[in-house]
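# have a look at this prediction, sequence included:
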Amino acid sequence: MSKRPNESTPEDSGKKSRTQSSVERKMKYIVVTGGIMSGLGKGITASSIAVLLQGCGWKVNMIKIDPYLNVDAGTMSPFEHGETFVLDDGGETDLDLGNYERFLDISLCADNNITTGKIYQQVIERERKGEYLGKTVQVVPHITNAIGEWIEKVAARPVKSGTNPQDEGNEADVCVIELGGTVGDIESMPFIEGLRQLQYRIGTENMFIVQVTLVPTMSDEQKTKPTQHAVKELRSAGFAPNMICCRCNDELQLEQRQKLGLFCQVGTESIISVHNVSEIYKVPLLLKEQGVAEIIAQQLRMYLPKGMPNISPWEQLCKRLDSLDKTVSIAVVGKYTSGTDAYLSVVRALQHAAMAVSRKLEIIWVIAEHLQEDATAEDRAAANKQLDASNGILVPGGFGDRGVVGKINACKYAREKKKPFLGVCLGMQVAVIEVARNILKWKDADSEEFNKNTKNPVIIFMPEGSKTHMGGTMRLGTRRTILKDENCTTAKLYAGSFIDERHRHRYEVNPAKIKELEKAGLKFVGMDETGQRMEIVELADESHPYFVAAQFHPELKSRVMVPSPLFFGLLRTASGQSIADEPDAPQTPRKKGGGGELSSLLLPPSLLSAASTGGFRPSCCIPSSWSSSACAPPSRTAPPRFNRPCLCRVWGLRGCERGVPSCVVPRPAPPPRRLTTALLSGARRSLGSEEPKAPPGIQLGASASKAAAAPKKGVSEKGV
């Protein structure tokens, strides 16, 4: 008997159910909310929790919810909201997405940042198209449904690893959602209701609620009453927290933990002390010590292998930070110097590079306006003294003409005094203006952004830009830059003929002025793929230790374990080290080696020495002359030169033995023995006959599920 289209037989349904039972997984959600006040560090807490989950071998996706009505953060003032973080696809997002990317070494997209503006825009567009069939459109259920649908859609997308825009990504096991603002705010109520409805649909065993609160200290006593009220507010919204992360100056005392557990109906072990530490990179260690990963795994019923989470690279990093004794100082010349959030990614990129060159970082904030002629003599003298005291100078990006003359003077100082210099976005543009004014003697050389009537516009408005709309109209996202000089400083740092970095600008160097500018001593070593848009400029003067400026924003792809190449070069020269002495300098974008994706940061130390056993294949930065026959099976060819620094040297891991780096990447292989044994527990069958199942009620990660679903012919249970 023939069956109708789309009709399944009992045999088909039986096969389908067996397959789904072993392979199908449910997405797990962790929601991080805030109580009492904003600015408690929900972003760092969420990122640190995600680091622990990643250390357990689970793939993690991240979502940030911002309740403001803006569609995105592109038009918001840095004074009010901090920096705008730009993603590969051009999304202008909240700065917390930068924290996620830096901590987890992943690349997100614009949809990972949800705002009230985006949700309402989507619902109104649907209403205009008649998709609601004449119904009255309301906050509940239409807005809340849209929120839930958006979250589930984004959570199911593959998550890209590293900074390579061509990476296809991997399916996530867990999605961590940070709800911005404070519980109880009017603007966040629809999101709380949307999350509550999502929890009801998927079940409480698939969502874990974390509330970050403040435990202030008054008269040497830690006060728990504000946290009790914050939890009460969350419960009134229909949410019961599974864990409370208490921000406090000193470690939360046992008495206060027990008191909060009693009044908030949360187990004492789930009252987590997130007290002040010297570096934010120590927060994952703080959470690990208190068993956060174990608590989450138990609640979400996820399989946690023995010895996990493994975050040994973070532990070694923190030990390294505590042992640093030499300092390097960098002068940051800008106009948003009252708070570091406006230049947060720049600060983090400087920190990453400083750690890589074994230096403590000291940032000297220089107010650009104090370097101008109209500043008071006292302010001008103090600003120049700051430049003298620094080991290097950085001019970051920005908009508007305030402080521009001071930035131009800072570029002149760096060029004439031969002080290591890095210009970013606007920093590149003012460096070009400085050369035009002081070497070519074009006194009226300027940017059309600051002077539309200048006779020598060395910086012009991009033809494709919009002069009527501000939001999302700049040149945004990852763009390719072609390096035309293989001997330039940038090429030595990136070790390649092209790079992919993120952009955010409306103005560019005037192509009609390039010849005159190059005669004046500038080298435009990087261009876009058309060869018309200037991307990177250096000084032709080889006696200058480091003078590089880029139109893109290299800080946006800097990672905790992998510093940005241009920042690495700045810090290396500023600390008295030569780039020429660094054969394996940082490179970007990160590419995959022959043995799989870079996950050595999560490997236990016991596996880092397995390069010679055939179980793992080296694919970090190795000498191009390395032969695989030295330490690996002859049948395996040496992987292509990796484009990041060898982690053995940068982070002080195990030394490279016989030319083979100990930071290695696992090739596609069956799961570790202990995981396979757990999968086969109680199963009386061979791997070739039926797919092994996970322990009852326990969900495996993506890699383990795929390994479990793939039949292994000719291998018995005893053999494994």
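Looks like it arrived, so ask away. Numbering: from 1, shown residues only.

# okay, CA-based contacts and neighbour counts for the rest of this
Noted.

# okay, which residue is most central for this protein?
Note on the chain: the residue nearest the mean C-alpha position is Glu101, at 1.3 Å, using C-alpha atoms, centre = their mean.

# which residue comes closest to that residue once chain neighbours are left out?
Of all residues not flanking Glu101 in the chain, Ser107 sits nearest, at 5.9 Å (C-alpha to C-alpha, 6 or more residues apart in numbering).

# same question, Asp541
In space, Asp541 is closest to Gly521, 6.9 Å off (C-alpha to C-alpha, 6+ apart).

# measure that neighbour to Leu440 for me?
In this view, Gly521 and Leu440 are 10 Å apart by C-alpha to C-alpha, to the nearest Å.

# end to end on stretch 332-342, go ahead and measure it.
End-to-end distance for stretch 332-342: 12 Å, by C-alpha to C-alpha.

# quick revisit: just confirm the residue nearest to Glu101 contacts Ser161, I think it does.
Yes - the pair Ser107 / Ser161 is scored as a contact, 6.2 Å apart, by C-alpha atoms under 8 Å.

# picking up where we left off before, wait, what's in contact with the residue nearest to Glu101?
Counting by C-alpha atoms under 8 Å, 6 or more residues apart in numbering, Ser107 touches Leu87, Asp88, Glu101, Val159, Lys160, Ser161, Gly162, Thr163.

# which elements pack onto the helix or strand where Phe191 lies?
Element membership of Phe191, judged by DSSP states H and E, is helix 189-202. Contacts defined by 3 or more C-alpha pairs under 8 Å, 6 or more residues apart in numbering; DSSP states H and E place helix 189-202 against helix 144-155.

# which regions of this structure sit below the pLDDT cut-off?
Scanning the chain for pLDDT under 70 picks out 1-25, 339-340, 464-472, 580-720.

# at 50 what do you get?
Residues of the chain that meet the criterion pLDDT under 50 lie in 1-23, 583-693, 707-708, 710-720.

# show me what the spatially closest residue to Ala389 that is not a sequence neighbour is bridged to.
With C-alpha to C-alpha, 6+ apart as the criterion, Ala389 has its nearest non-adjacent residue at 7.9 Å, and that residue is Ser329. Judged by DSSP bridges, the bridge partners of Ser329 are Glu362.

# what's the burial count for Ser329?
When neighbours are defined as other C-alpha atoms under 10 Å, Ser329 has 21 of them.

# what do you get for Glu369?
Glu369: 22 neighbours (other C-alpha under 10 Å).

# in the stretch 101-250 of the chain, which spans are helices?
For the stretch 101-250 of the chain, applying DSSP state H, counting those that start in this stretch gives helices covering 116-128, 144-155, 189-202, 225-236.

# what are the ranges of the strands in the stretch 301-450 of the chain?
For the stretch 301-450 of the chain, strands defined by DSSP state E, counting those that start in this stretch occupy the ranges 327-334, 360-367, 392-395, 421-424, 446-447.

# among those, which is nearest Gln316?
strand 360-367 (15.9 Å; C-alpha to C-alpha).

# contacts only, for Leu483.
Leu483 sits next to Ala491, Gly496, Ser497, Phe498, Ile499, Val525, Gly526, Met527 when contact means C-alpha under 8 Å, 6+ apart.

# need the max-distance pair from those residues.
The distance between the two most remote of those (C-alpha to C-alpha) is 13.9 Å, for Gly496 and Met527.

# the strands in the stretch 151-300 of the chain, which residues?
For the stretch 151-300 of the chain, strands defined by DSSP E, counting those that start in this stretch occupy the ranges 160-161, 174-179, 207-214, 217-218, 221-222, 243-248, 271-275.

# note down every partner strand of the fourth one and its orientation.
Which is strand 217-218. Using DSSP bridges, strand 217-218 pairs in its sheet with strand 221-222 (antiparallel).

# and the longest one, by the same measure?
Sheet pairing here is set by DSSP bridges, and for strand 207-214 it gives strand 28-34 (parallel), strand 243-248 (parallel).

# what do you get for the last one?
Using DSSP bridges, the neighbouring strands of strand 271-275 in the sheet come out as strand 243-248 (parallel).

# name the residues that touch the strand it pairs with?
40, 209-217, 252, 266, 270-276.

# state the distance from Ile408 to Leu53.
46 Å.

# related to what we said a few turns ago, between the strands of the stretch 151-300 of the chain, which gets nearest to Met62?
strand 174-179 (4.9 Å).

# helices or strands next to that closest one in the packing?
Against strand 174-179 (3+ C-alpha pairs under 8 Å, 6+ apart) you get strand 28-34, helix 42-55, strand 60-66.

# any idea how far the longest one is from the chain center?
It stands for helix 42-55. Put simply, helix 42-55 sits 12 Å off its chain's centre (C-alpha atoms, centre = their mean, to the nearest Å).

# again, but for the last one
Its chain's C-alpha centre and that of strand 60-66 lie 12 Å apart, by C-alpha atoms, centre = their mean.

# that one versus helix 144-155: what angle between them?
For strand 60-66 against helix 144-155, the angle by axes from the mean of the first three to the mean of the last three C-alpha atoms, to 10 degrees is 150 degrees.

# show me the contact partners of strand 60-66.
With C-alpha under 8 Å, 6+ apart as the contact definition, strand 60-66 has outside contacts at 50, 53-54, 94, 96-97, 100, 108, 112-116, 151, 155, 159, 172-181.

# next, give phi and psi for Leu95.
Per-residue torsions, Leu95: phi -60, psi -20 (degrees, to the nearest 10).

# got a list of what it touches?
Applying C-alpha under 8 Å, 6+ apart, the residues near Leu95 are Gly82, Glu83, Thr84, Phe85, Leu344.

# Serialize those to JSON lines and add fields for neighbour count.
Output for the contacts of Leu95, formatted as JSON lines (neighbours: other C-alpha atoms under 10 Å):
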{"residue": "Gly82", "neighbour count": "19"}
{"residue": "Glu83", "neighbour count": "26"}
{"residue": "Thr84", "neighbour count": "27"}
{"residue": "Phe85", "neighbour count": "22"}
{"residue": "Leu344", "neighbour count": "21"}
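
# inside strands: which ones of those residues?
Phe85 (DSSP state E).

# out of the contacts of Leu95, which is nearest to Cys318?
The closest of those, once distances to Cys318 are taken by C-alpha to C-alpha, is Leu344, at 20.3 Å.

# need the contact list for the closest one.
Gly82, Glu83, Leu95.

# which residues touch the second one?
Which is Glu83. Contacts of Glu83 by C-alpha under 8 Å, 6+ apart are Asp94, Leu95, Asp341, Ala342, Tyr343, Leu344, Ser345.

# same thing but at 6 Å, please
If a contact means C-alpha atoms under 6 Å, 6 or more residues apart in numbering, then Glu83 has Ala342 as its contacts.

# just Ser329 next, same as before
Neighbouring residues of Ser329 by C-alpha under 6 Å, 6+ apart: Glu362, Ile363, Ser390, Asn391.

# give me the element Val458 is part of.
Here Val458 is assigned to strand 457-461, by DSSP H and E.

# okay, now the sheet partners of the next helix or strand after that strand, with direction.
The first helix or strand that comes after strand 457-461 along the chain, using DSSP H and E, is strand 475-483. Strand 475-483 pairs in its sheet with strand 498-505 (antiparallel), strand 522-527 (antiparallel), by DSSP bridges.

# what's the first helix or strand after the last one?
Using DSSP H and E, the helix or strand that follows strand 522-527 in sequence is strand 534-539.

# and what of the longest one?
Next helix or strand after strand 498-505 toward the C-terminus (DSSP H and E): strand 507-509.

# so what touches that next one?
In this structure, residues lying in contact with strand 507-509 by C-alpha under 6 Å, 6+ apart are Val458, Ile459, Ile460, Phe461, Met462.

# what is the nearest of those residues to Ala297?
Of all the contacts of strand 507-509, Ala297 sits closest to Met462, with 51.0 Å by C-alpha to C-alpha.
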